[in-house]
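A.B. asks: Can you look at this prediction? I've put the sequence above it.
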Amino acid sequence: MGKFEDLVAKATDEGLTDENWQLYMFTADALQNASDSECAATVKAIGKRLSSTNPRVVLYSISLVNACFENGGEKFRRRICSREFLVYVRKAFKNNIPPNIKSNLREALVSWRTEYGNRPEYSYLHTMISELSADGQDFSSVSTPSVSTRPAQSGADFLNKGESANQQVSAVQFEADIAKAIAESLKDSTPQQQQQQ
C-alpha cells in the first residue's frame, strides 16, 4: 500500500470515533506536492472507501474527499472531476446508507460545482451532477450559497447541520439494533406459536 492509500485508510477507518480533521488536512497538504499518479491512487483509494456499505466509513470518506478537494491542489481536483470518480459516487448512492449521508455527498458535489464549475477544467462537475440526476438523485433540494457569501464549513456543519459523525452513526446503529431485535423477537415467537397449536 502506498503512502496516500495508507493515509486514506487511516482517515476513514471504521474504528475511529470521530472525524480526524488533522489527518484530513495533512493528506490534503501532502496532495499539493503529489505526482499525478499519486493523486490518481488517492482518488481510487477514497473512491473505494466511499463505496463502502459502512455508514461511518462513507461519512469519513465524504469529509476527507471534501477537505482534499478544497485544499489538495489542482491535480487532485482534476482527478475528482473524472468519470472514474463518478463510478465510485454512483456506487455510494446505490449502497444502503442513510439518506442524510447521501445528502452530505450531494451537498459536496453541488458545493464543488458552485465554486469551481465555471472553470473549463472542472466542467465535468456539471456532467457528473446531470448524470446522477438522471440516475434518480435529487439535487433540487440542495442549496449552496454563492462562493463569496458561503461561510467556512466546519466538520460538523458539513456532516449535518451540527450533528457530529458519532451522532449520525449512532442513530444509524440504533435503527439497525432495533431492526435486529424485532427480527429476533419474531424468530423467537414462531416456535412458541407452533407449540401452542
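C.D. replies: The structure has been received and is ready for your questions.
A.B. asks: Which elements pack onto the strand or helix carrying Cys68?
C.D. replies: Take DSSP states H and E as the rule and Cys68 turns out to sit in helix 55-71. In terms of contacts (3 or more C-beta pairs under 8 Å, 6 or more residues apart in numbering; DSSP states H and E), helix 55-71 is packed against helix 3-11, helix 21-31, helix 36-50, helix 74-80, helix 99-116, helix 155-160, helix 165-196. All C-beta atoms are positioned from the backbone trio N, CA, C, and that covers glycine.
A.B. asks: Of those helices, which shows the lowest average pLDDT?
C.D. replies: Among the helices and strands packed on helix 55-71, helix 155-160 carries the lowest mean pLDDT, a mean of 42.
A.B. asks: how far away is Gln22 from Leu50?
C.D. replies: 21 Å (C-beta to C-beta, to the nearest Å).
A.B. asks: Among those two, which residue is more densely surrounded?
C.D. replies: Each of Gln22 and Leu50 has its neighbours counted (other C-beta atoms under 10 Å); Leu50 has more, 27 against 9.
A.B. asks: Who are the contact partners of the spatially closest residue to that one that is not a sequence neighbour?
C.D. replies: In space, and not counting its chain neighbours, Leu50 is closest to Ser61: 4.3 Å by C-beta to C-beta, 6 or more residues apart in numbering. Residues in contact with Ser61 (C-beta atoms under 8 Å, 6 or more residues apart in numbering) are Thr12, Ile46, Arg49, Leu50, Ser52.
A.B. asks: Equivalent analysis for Arg90, please.
C.D. replies: Leu132, Asp135.
A.B. asks: Give me the secondary structure label for it.
C.D. replies: Put simply, Arg90 is helix when judged by DSSP: H, G, I helix; E, B strand; the rest coil.
A.B. asks: hang on, the earlier thing: could the contacts of Ser61 go into a markdown table alongside distance to Phe93?
C.D. replies: Output for the contacts of Ser61, formatted as a markdown table (distance: C-beta to C-beta, whole Å):
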| residue | distance to Phe93 |
| --- | --- |
| Thr12 | 18 |
| Ile46 | 15 |
| Arg49 | 15 |
| Leu50 | 10 |
| Ser52 | 13 |
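A.B. asks: just the buried members of these?
C.D. replies: The neighbour count (16 or more other C-beta atoms under 10 Å) marks Thr12, Ile46, Arg49, Leu50, Ser52 as buried among the contacts of Ser61.
A.B. asks: quick one: secondary structure of Ser143?
C.D. replies: Put simply, Ser143 is coil when judged by three-state DSSP.
A.B. asks: And for Thr127?
C.D. replies: Three-state assignment for Thr127 (three-state DSSP): helix.
A.B. asks: hang on, the earlier thing: which of the buried ones among the contacts of Ser61 sits closest to Ala30?
C.D. replies: Ile46 (13.5 Å; C-beta to C-beta).
A.B. asks: Return the residues in contact with that closest one.
C.D. replies: Here Ile46 is in contact with Val8, Thr12, Ser61, Leu64, Val65, Cys68, Tyr88 (criterion: C-beta under 8 Å, 6+ apart).
A.B. asks: Give me the spatial nearest neighbour of it, chain neighbours excluded.
C.D. replies: Excluding the flanking residues, the one nearest Ile46 by C-beta to C-beta, 6+ apart is Val65, at 5.0 Å.
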